[in-house]
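Peer 1: here is my input, please return the structure:
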Amino acid sequence: MTAAKDDEFPAAGLVRRARRLADLSQREIAKASGLSHSVVSRIEAGVRIPSLAVMSRLLRPAELWLTVIDEEGRLVQPMEDWDDTRDGAERRYPSHLDMVLDPEPGEWWGDRYGLARPPETFHRDRERRDVMRMRSQWEVRVSKYRHMPPPPDLDLWWRIQRAS
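Peer 2: From the prediction side, this is the model:
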């Protein structure tokens with residue numbers, strides 16, 4: 001836990017709300033959460049900000065759960081962990097990169113070095129990836145992008161990048 005700041009997560013109010021919903025005293029919620037009364041007291045006073053694990057434990061007696069939503073209020077689901085999208089050393093590929101299963105020639109960054117192509121890889125070129133994503137979104141969401149010109153064609157963009 002860390003010291004609280006004014007612009008931080010509203011843990012104090014959420015813990016108080018959880019206690020009210022569960023109709024528990026500070027001591028009772030502390031016991032139900034496996035925490036000390038003083039920890040609950042400091043969190044409610046705004047002196048301490050709990051970790052996610054502690055916050056989750058404090059909300060559980062009120063049958064409340066931590067979730068993540070985007071700007072439009074939609075629930076964000078966690079990424080799944082698939083065994084077949086790990087490299088030879090059992091490491092996960094970077095989650096911010098787009099996975100390519102069974103890459104075609106030219107889709108893997110190691111092609112230019114003559115490296116053996118793995119059964120899965122990812123696009124390292126962020127700009128190329130973003131162009132692919134923009135083009136795909138434009139093609140799929142026609143109504144949203146109806147009055148906008150199409151993004152650059154990926155093949156044309158790729159030839160320009162290679163030439164420069």
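Peer 1: so residue 56 is in which element?
Peer 2: Using DSSP states H and E, residue 56 sits in helix 52-59.
Peer 1: which secondary structure elements does that helix contact?
Peer 2: Helix 52-59 sits against helix 11-22, helix 26-33, helix 37-44, with contacts defined as 3 or more Cβ pairs under 8 Å, 6 or more residues apart in numbering; DSSP states H and E. In this view, the C-beta of every residue, glycine as well, is placed from N, C-alpha and C.
Peer 1: closest to residue 138 out of the ones you listed?
Peer 2: For residue 138, the closest of the helices and strands packed on helix 52-59 is helix 11-22, at 40.2 Å, according to Cβ to Cβ.
Peer 1: neighbouring contacts of that closest one?
Peer 2: With Cβ atoms under 8 Å, 6 or more residues apart in numbering as the test, helix 11-22 has contacts from 4, 25-26, 29, 32, 40, 43-46, 49-50, 55, 58-59, 61-64.
Peer 1: which parts of it are buried?
Peer 2: 11-12, 14-16, 18-19, 22 (16 or more other Cβ atoms under 10 Å).
Peer 1: cool, thanks, signing off.
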